[in-house]
Structures are given as C-alpha cells and as structure tokens.
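>>> Provide a 3D model corresponding to the input given below.
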Amino acid sequence: MDKFMLIILAVVIVLIIRQLIPKKVDGFDLLGLPIMAIIRTYAGLPDKLDGLIIGELISLLALGAVVGYWQAKKTKVFYRDNQLCTVGGYPYIIGWIAMLAGRVIILLLFNFSALVSSFDAGQELLANEIARIAADWLIWSTITASSILYSLTLYRNHSGIRDFIHERLKKVGR
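The predicted structure is shown next:
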C-alpha cells in the first residue's frame, strides 16, 4: 500500500468515526466521496474483465448499494443552530462492518479454488493470490455504490439535503 492509499484510508476512517457525532453537512461527504470512489474504481480496473471479475464487481456493487441505502435510512438529519447536520450513529458503523464482512465472503466465494490452489502451492503464492483478489478497485467499487446510494437516499428523503446539494452544484457550475 503506497502513501497515497494510506492517506485515503485515514480519511475514510475519519469519515466513519465522524458519523458518531452530529456534524454539519458538507460537500465532501455527499459529493466528494462518491466522485473520488468512482475515479479510484475506474483507475484500478484491470485491462481485461472476465466473467469472474464482472461477477465480483456486480456482487460488490449490490452489497455497497444495499448498505449505503440502509445507512442513509438510519441517518438522522436535523438543524442545530441554523446549520444542517447529520449523525449516522452506530448503524452507520455497523453498515461498514457488514460491508467489510460481505466483501470478504464475496471474494472467498468467487476465488475459493484459486486460494486453495495457492495454499497448496506454498505461502508465497497464497500471499500473491490474496493481494490479487483484494485489489484496490474492488474496495473502491463497494465504497462507490454505498456512497452514491447514501447520498441519493438522503437527497430524496430530506429537503434540507436536497437544497444543500443544489446550492453546492450551483457554486461548482459558476
């Protein structure tokens, strides 16, 4: 993992922990993270997409979408001191844990025979195989789906979020 990925990982961890306390709505959570995740997913996609990789991708996108929708439904949106705020609380963190566990299960289901073969062949091959199937773009694909569904669900269900996003997009369009 390079330095850039460590920084991004730290940012994601901070974003998760921030869900435990009420915070002012900002553009990064609703717009920046989905855009960054799309870019990281696309940049990391392998040149050749076979059926196995497409199956993994679709499964991980579905998992991320379900978790993002559930997290948004559990997020509280309110005004505090005339500021639009959200708090995801423990359901948000539980969603991330479920997404991580689901990701491991999906990767094992799609790559079990390759892992067993690598294990039989030796520890170095096993480590290489684990690194291959735990590719960066697979992580970001799940984050892409969850962050997009999270933002869209909040947008659809809360007029304050909708107004905030419209205002932010107007500023970007200038």
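
>>> Show me what the host helix or strand of residue 105 is packed against.
In the assignment (DSSP states H and E), residue 105 maps to helix 89-121. In terms of contacts (3 or more Cβ pairs under 8 Å, 6 or more residues apart in numbering; DSSP states H and E), helix 89-121 is packed against helix 3-17, helix 51-74, helix 123-133, helix 136-157. Just so you know, the C-beta spots here come from the backbone N, C-alpha and C atoms, and that holds for glycine as well.

>>> just those: most buried one?
helix 136-157 (a mean of 21; mean count of other Cβ atoms under 10 Å).

>>> ok, and what's touching the next helix or strand after that helix?
Where DSSP H and E defines the elements, the next helix or strand beyond helix 136-157 is helix 159-173. Contact with helix 159-173 is made by 25, 27, 30, 31, 77, 79, 84, 151, 154, 155, 156, as judged by Cβ atoms under 8 Å, 6 or more residues apart in numbering.

>>> and which of these is nearest residue 54?
Set against residue 54, the nearest of the contacts of helix 159-173 by Cβ to Cβ is residue 151 (25.0 Å).

>>> The residue nearest to the closest one when sequence neighbours are not counted: neighbouring residues, count only.
Nearest residue to residue 151, sequence neighbours excluded (Cβ to Cβ, 6 or more residues apart in numbering): residue 30, at 4.7 Å. For residue 30, the count of nearby residues is 20 (other Cβ atoms under 10 Å).

>>> same check, this time on residue 111
What residue 111 shows, counting by other Cβ under 10 Å, is a neighbour count of 18.

>>> Just the pLDDT at it, thanks.
For residue 111, the model assigns a pLDDT of 75.

>>> Residue ranges in this structure under the pLDDT threshold?
1-2, 115, 118-135 (pLDDT under 70).

>>> Just want the most central residue of it.
The chain has residue 143 as the residue nearest its centroid, 1.4 Å off, counting by Cα atoms, centre = their mean.

>>> and the angle for the helix holding residue 105 with helix 3-17?
140 degrees (axes from the mean of the first three to the mean of the last three Cα atoms, to 10 degrees).

>>> how about helix 89-121: buried residues?
89, 92, 95-96, 99, 102-103, 106-107, 110-111, 114-115, 118 (16 or more other Cβ atoms under 10 Å).

>>> re the thing from before, a markdown table please, covering the helices and strands packed on helix 89-121 and showing distance to residue 171.
As requested, those are exported to a markdown table (distance: least, Cβ to Cβ, whole Å):
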| stretch | distance to residue 171 |
| --- | --- |
| helix 3-17 | 22 |
| helix 51-74 | 23 |
| helix 123-133 | 41 |
| helix 136-157 | 17 |
